[in-house]
Structure formats: structure tokens, C-alpha cells
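**Student:** mind folding the following:
(chains A, B, C and D)
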Amino acid sequence: MSGAYKKVNRGVTLTLWERLYFPEVIRGVLIAAGHFVPNFVSVTKAYFGGKPSDRKIMTIYYPEEKPVLPEAYRGKPVLVRARDGRGKCVACGLCEVACPPKCISIVGGQREDGTRYPVTYVLNGAVCIFCGFCEEACPEEAIVMSDRYEGLCEYDRKPMVYDKEALLVPEEKLTRRLDYIRRRMYGKWNY
Amino acid sequence: MELLMFYGFGLLALFAGVAMILSRQPVTSALLMILNMFCLSALYALLDAHLIAVLQLLVYAGAIMVLVLFVIMLLNLREKKGIITKHQASLQVVGVAAFGFFVMTVVSRLNTAALPKSKAASAGFGTVEAVGRILFTDYVLPFEIASVLLLAAIVGAVMLAKSKV
Amino acid sequence: MADIFPGPDIFPAGMLPSLVEMMAKIIFIFTMNMGVFAPLLGWVERKQSALMQDRIGANRADILGFTVFGLLHTLTDAIKLLTKEDFIPEGADRPLHYLAPFIAVVPALIAFAVIPFGGQYDLWGHKTNLVIADLDVGVLFVFAVASISTYGSVIAGWASNNNWSLLGGVRVAAQMLSYEVAMGLALVGIFMVYGTLRLTDIGVAQENFLHWGIFLQPLGFILFITCALAENKRTPFDIPEAESELIAGYFTEYSGLKFAMFWMAEFLEMVTISGVLVALFFGGWQIPFVSGAALARLFGFLGPNLAQVAVMLVHVAVFWAKILLWIFILMLIRWTLPRFRYDQVMKLGWKIILPLSLINILVTGLVMLLVK
Amino acid sequence: MGVEVEDRNPEAALGDSVILSTVDAVIGWGRKYSFFLYPFITACCGMEFMSVAGPRYDLDRFGAALPRFSPRQADILFVVGTISHKQAPILVKVYNQMAEPKWVFAYGACVCSGGMYNNYSTVQGIDTILPVDIYVPGCPPRPEIVFDGLLKLQELVAKERSSKWPRGAAPYVPKAKI
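**Tutor:** From the prediction side, this is the model:
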């Protein structure tokens, strides 16, 4: 054979001790046991009258313990109901355009005082991908991503199509997210 | 009790043997043969020959029949074709005749010959120690010759299986 | 077996106590295996793997809010598997498809007949030997039965009329055949050291802590535990049921209770292997540095008979505790090591373990000659 | 069969302080906490599925963590990832191979409704080919949402009556032979 290729040693050549295999098996088993024993002790301690913090395992006990959500968490998208009771949405259709899976459909209308509002605002929850583009596109802070993740799963697809009433949430409940948008998102885009 | 078990296992062994021959499915035949070996091993155990019983299970029912099954399963013999099916009827007649002749000979011989009386088993009969002692004193030469024969067979198998020397 | 079936004269003197003793021992072993270990090991496997992986494992099944560390999940599994559709594929060999799970389970139970779970005790003048069948060929019997258990998997693979199952069955046959030879040879050293195949005698010989099999036969021990793992068909050697290659191997087409039986067979085999390991290498029922006589003196205040009962109970408890320890270690190995490739398994069996066990026999013989 | 009396649950009326178990309730309880799942993973949701099954969220706590790769032994078909029309016959075959009782878990927007891929190549929601028991939206769904769906499915399973089974083959018969 001509030396046309260069042999690369990727550090996988084993020493004799490693090639014996058995010592390495014992080492691996000991590592595994090193995980088992402290976990076993801490879980048993937590079970018998200890604090949950005694548990060294990082598993979240989901339905009983809720995860701590970051501010940037994007849950169910909701429409903001302003303090005067009306929705903030003006049916400009920017979210409809920005939505990647095209899950929003709006029929706009005009009130007697000249302000625009959505006659129907339908958001298909089964299609929505929780990307938050609608929130970024919205000039009125009318649609924001809430931190709601419970109750989105359904036995049927029909209840997953949300209409305007199902989407409207009072502004007071969304202050955290609105603050976050103003601080981070507008700051980022330098409005 | 012992007699009852002897008849039970004996009949089961006979049934398994006959069913093995009659079965059309090769895998079923092989399994019935395993059952037959199992019964034989039980009969050995009833004769206090524990080592032979266990070896029967270990070697014949365990190892060799696994190999047989292995081959049958890989070949997947389901339908038999060829010369045997063509002349099946005549072959059956010949087989029955031969078997009948064999049975008649054996029965007539057994009727005339006096069966030797069985001796009571001595203490420690059939144990590993007793069998080992006999193997390595009285029968040491046949034992060694057998081992050489097996060694030759192994070497031959390796030579045949090896693609290049 | 002459002890079990005492000849034509029905009810000779002293037969009733032996009959009672025999039944008690059989029932005890049966409950320990089927009633305690088979369900418990499912739980142990789940919880232990979870804790090894820094998880918490199944813990949510509850009756009135009591979860009992997730033990009830075993019960839910049982209920679900009982009520699941029992499926037989088209073109399958129906009788064999039914038979295979039973052939897989039964040998694992039978093998326990020769494993002593306690010594010999003199209870109210009746000699009690805590082993169901004290066979002269003890360990060979275990091998023989283990070789029979192969058929459960092989038949299951063949009867399912499924290519993956068939491949799994063939792999089982090849693997068992290879490792049985090596396993038998690995134990020859032990037989040479103790001079007997009878498991009770080996147990008695291990009364001295330094005469335990693991100290006299360290290499034999390593070889045996490797072969035993291979016989058990669990993860480092689970090529017959390799999920990434064969879906689920020989039990691909099994559902519901029959699948559960294969599962149970695996667990029972694990108990049996631990039993053999403890009996041969880990002193059986013996406690290190505490002989049975010393223990009897300790319980002397109870009177001779009750003291023997107490010693018996302690020994049985020690034996099962050792089995639990071994099951823990086997589980650790199962959840630590990745699966071997098929050719690696064969190479390990024929080219490494078999020559090493032969060398072990040679060295053992030489040392025994020198010591004499 | 007459009119099915729904939700006349005496246990709930007594504040869950007693168990008046009918056989269905016991079976439902057993099935609810013993999902052996068949992960039918085709796309990116698979990564999130690993996170669900991993130590942080730990699917095993619900008794749903013994993945059986043989459909005969699986109870719940996790359809994880986009199902293209090319893939649909395979999915239907796997569903039909599963032993009753069986449930289908639609994991992610693509499986629920086609999601982003509103085009010629993608199945617009697997409920067009299979009966689906629970829809979990998200792209991919957060582990919390998955657990929410799993708990909801457990409720459904606990209340089921045995008359619901067997459910039979999927309504969709693929034209192509696979």
C-alpha cells in the first residue's frame, strides 16, 4: 500500500488496562452506584418527614410543583383587554401576516366612534406554534404571549380553535409580560 | 409410587417418540424428541443414576437439540418435496413391514431368553464420584480414545469452517 | 431423588414430617419467587434505574393517596397486562405460541430446587435440610435446567412467524450454547477446590470466611458472573432482544400476559443466578466470622430447639439478603453497560472466556498439587 | 346498551373518601398508571420528547416510561413529529398492529393539525387517518404541556368503560401496500 492516506489517531487507542475491560466495567458500575446511593439516601430522607429540598434529584414533581417560568416564556397567545373593557386590537392584520403557520384569521370592522376593532378574531390553537411573532408584529400591544400552558390539550380539535372571547384577558393579569416586552423587545429593536 | 412414575414417564416417552415420527412439522418433531429425552432422563433418575440423568438433559436435550432446532429453523423446512413424497405410500408399506419384522424378532427372542435379574444398586451408585472412579480406572483407555476422537472432530470442523488457512 | 420418592412402602416411619417439611420448603421457595421477587423486581428495576439516572421513577399510582414509593405501579402493570388483548399473529404455530412462555418461566423456578437456602438443623429430633432436593449433581442440574429454559425463547421466536422473532430465537440458541460451555468450565475450579458438586456440601465448606468461593476462585467468579449475565439475556448481553436491531427479539409478537411471563422469567432467572452465585461464591447462608454453632450458643437461652429455629431463621434471612445484594449488583451492571455487538459476544465467549476458564482449571490444579 | 349514564360517580359524591370500585374502575386505574408507550418519532419533536423522558421531567413518574418497540406490547402510540403522506400508511400499520386497548397521543402542532406545513406533502392532522385521544399543541410542546396532556389522558382512561373496546382498525385504509 502506498502511503496515500494519513492515519489519524483520534485518541481512541486504548491502553492495555482499558483493553482488559473488566477494570473499566467496575469503574463504570462504581460511578453508577455513586449516583444511586446519594440519591437513594436523599429521597428516603425527603420521604420520611424531610423538606422537599433534601431531595438531591432535580426532577420536578409536575402537577404538584409547578416549574418556575422565565419571563421570556411563551405560553398561550392572548388578546389584551384594556382597562376600559375593550380589546386593544385594531384589526390591522399584521399578526395574521406574521404568523408562520397562518393560524390567525381576522375580520375587521369599525365602531361608531371611528376606531377599528376585530369583528371575529380566530386563533387555531392546534396550529399555533407559540413562536411569538404575532406579539412582535403587533403595534398596539394587543396580542401577547401569556405564561399559560395548562388546559391547552384537548380530547378534540374543535375546542382548540379559540375565538375572541376565549382569547381576551384583562391587562392587569399580563403586566409581567407587558413589562418584559417594553423592556427587552422594544429595547432590542430600538423603538 | 416409583412403579407408577416409571409407567407414566415410559408411556410419555413412547407417545413422544411415536408422535415425533408421525408429526409433519419438523420443529414439532424436534420438540417431541426433546420431550422424549426429558422422559428418558426422568427414567434414569428413577434408576438412581443421577449423573446420567442430568447429562442426558444437559447434553442431549439441552445442547444437541438446540443445534438441531437451530438448523431446522434456519432452513425453515415446512413442505417436503421430492422423491419421498412421490413414493410415500410404497415407502410406508416397506417401513411398516420392516418394523413389524423387527418387533417380531425382538418379542420372540425375549420370550425365549430369560431376563437377567437386576441387582440392587450399591451405595453411592450413580453419583459423580462413582461414575468418575469407573471412568478413570476400568474404562480409562476408551475414555481417552473417545476424547482424542472428539478432538479430531473439532480440529476437522475448524479446518472445514475456516475460509483460508 | 430417593429421598423424595421413598419406594413402594407407603407411609414408612417418619415420612409424614418429611412430607410436611418438603411441602413447606416448596411453598416457601414458590412464594419467595413468584409472590415476592417477581413483582418486586419490576419495581426495583424501575426505581433503581431512575435513581441511578438522577430521576425519581414511577411514584404516582395511588390508592386513597398512598403511593408506597411507587410499589403500586407493579400492581397497575399487572392489571393492565391481564386486561390487554392476547394477540396471536396470523400464520403462527398456535400451540407452540401458547407453550413458549411457560417453558420460559418454569425452568427458572425448577432450578431453585437444588439451591440450599439454609443449613441443616435438628428441630425436635427431626433433621431438617433447607434445600428442596439435595442432589449429588447439584450444579449440573442447574445447568441442565438452564439449557431447557433456552427452548422457551427459541420456540417463541419460531412460533411467532416473524422474521425478527426468528432471528432473536436463533441468537438465543447461539448465545446460550456458547456460554453454557464456558459457564460449566468456569465452575470446574470450584468443584476441584471443594471436591464436591453437592451445593449443600459447598455451603458447609464455606463456613470459614476465608474459604468463600470468591477468595478461592477469583477468576472463576469473574468468568461465571459474565456467563451468568449472558445466560440471563439482560443488557450487556441482550442481543436476542436487541431493540435497535430486532424490535423486541423473540417476544416481538407477544402481548399481554404472555409478554409478562417472559418478563417474569427474566426476573426469576436473575434470582436463580443470584442464588447460585451466593451458594457457590458467597458463602451461601453463612455469616462471615460467625459459625452456626456460635450463633446457636448466642440463642442458647431459648432452649435447644428454639435456638435452632432462631439460627435457621437468621441463616435464611442472611441468604435472601445476600441474594438481594446480588440482584442490586446485577441491576447496576444492567443499567451501566451498553449492549455488545453480536460478533463481540461470540468472540468474548469462545476466544476469551473459554480459554481463560481452561487456564483457571490448570492453575487451580497446579496450586492444589503444590499445597498438598 | 341504553343511554349511558355519565358521571354519576358515587365516589366523587362522597368526597373521594371511599372506594366503590366496579371492575371498570379498577381496570381503569390499572391502565391509567401503566402506559407502555410506542414512540413513533419522525421529526424535531423527538428532541423535546427526550427532554420529557429525561431526568428533569421524568415521564416514568406517571408509569409511562417503558418504551416497547414492539407495537403488540405498547398501549399508547406517541406520534411525535410531522407525518407526511408517505409516512401515513406506516403509521396506520403500526396503529393496527397494536393490541387493544390502545390510545393515540398527538404530540405537537404538526401531528395535531399539520402545523406549519399546510401543503401537499403533509397529513393535516393525524385525526384524518387515526382516532386520536389527546391533542397536545406546541412546536414542540413544552414538557409541562405534555404532562398536562398526559394527565388529561389518564383522566380519560380512568373513566373509560370496557364497552369501548375493542376499537378496531383505523378508518383509513392506505392504498399503497407496504
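**Student:** pLDDT weak spots in chain D?
**Tutor:** Confidence mapping of chain D against pLDDT under 70 gives the ranges D:1-21, D:176-178.
**Student:** 80 instead, please
**Tutor:** Where chain D drops to pLDDT under 80, the residues are D:1-25, D:65, D:160-170, D:172-178.
**Student:** so which residues of it form helices?
**Tutor:** Taking DSSP state H, the helices of chain D run over residues D:10-13, D:23-32, D:45-53, D:88-97, D:109-113, D:143-159.
**Student:** so can I have TSV of these showing mean neighbour count?
**Tutor:** All C-beta atoms are positioned from the backbone trio N, CA, C, and that covers glycine. Formatted as TSV, those follow (neighbours: other C-beta atoms under 10 Å in any protein chain shown):
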stretch	mean neighbour count
helix D:10-13	10
helix D:23-32	20
helix D:45-53	19
helix D:88-97	18
helix D:109-113	30
helix D:143-159	21
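**Student:** turn the ones you listed into TSV, including distance to residue A:152.
**Tutor:** Output for those, formatted as TSV (distance: least, C-beta to C-beta, whole Å):
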stretch	distance to residue A:152
helix D:10-13	25
helix D:23-32	21
helix D:45-53	15
helix D:88-97	23
helix D:109-113	10
helix D:143-159	6
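**Student:** how about these, which one is nearest chain B?
**Tutor:** Across these, chain B has its closest neighbour in helix D:88-97 (22.9 Å, C-beta to the nearest C-beta).
**Student:** that closest one close to chain C?
**Tutor:** No. Against chain C, helix D:88-97 shows no contacts by C-beta under 8 Å from any C-beta of the partner chain, the least distance being 8.9 Å.
**Student:** same check, this time on stretch B:14-22
**Tutor:** No. Using C-beta under 8 Å from any C-beta, stretch B:14-22 never reaches chain C; the gap is at least 12.5 Å.
**Student:** pull the helix or strand with minimum mean pLDDT from chain A.
**Tutor:** Ranked by mean pLDDT, DSSP states H and E, the weakest helix or strand in chain A is helix A:186-189, scoring a mean of 62.
**Student:** what score does residue C:105 have for pLDDT?
**Tutor:** On the pLDDT scale, residue C:105 is placed at 86.
**Student:** go ahead and confirm it touches residue C:263.
**Tutor:** No. Residue C:105 is beyond contact range of residue C:263, at 9.8 Å (criterion: C-beta atoms under 8 Å).
**Student:** residues of chain A that sit close to chain D?
**Tutor:** So chain A meets chain D at A:57-63, A:66-67, A:100-102, A:124-131, A:149-157, A:160 (C-beta under 8 Å from any C-beta).
**Student:** could you rerun that using 7 Å?
**Tutor:** The interface of chain A toward chain D, taken as C-beta under 7 Å from any C-beta of the partner chain, is made up of A:58-60, A:62-63, A:67, A:100-102, A:124-130, A:149-150, A:152-155, A:157, A:160.
**Student:** so which of those residues reach chain C?
**Tutor:** Checking those against chain C (C-beta under 7 Å from any C-beta), the matches are A:58, A:59.
**Student:** and the helix ranked longest in chain A, how far from the chain's centre?
**Tutor:** In chain A, with assignment by DSSP H, the single longest helix is helix A:22-47. With C-alpha atoms, centre = their mean, to the nearest Å as the basis, helix A:22-47 stands 33 Å off its chain's centre.
**Student:** so is it next to chain C?
**Tutor:** Yes. Applying C-beta under 7 Å from any C-beta, one finds helix A:22-47 in contact with chain C at A:22, A:25, A:28, A:29, A:32, A:33, A:35, A:36, A:39, A:40, A:43.
**Student:** tell me how many other residues surround the fourth one.
**Tutor:** Going back to what we said before, that points to residue A:29. Using other C-beta atoms under 10 Å in any protein chain shown, residue A:29 has 16 neighbouring residues.
**Student:** what sits against the nearest residue to residue C:248 once chain neighbours are set aside?
**Tutor:** Once flanking residues are discounted, residue C:248 sits nearest to residue D:70: 4.0 Å by C-beta to C-beta, 6 or more residues apart in numbering or on different chains. Neighbour list for residue D:70: C:247, C:248, C:252 [criterion: C-beta atoms under 7 Å, 6 or more residues apart in numbering or on different chains].
**Student:** all set, thanks.
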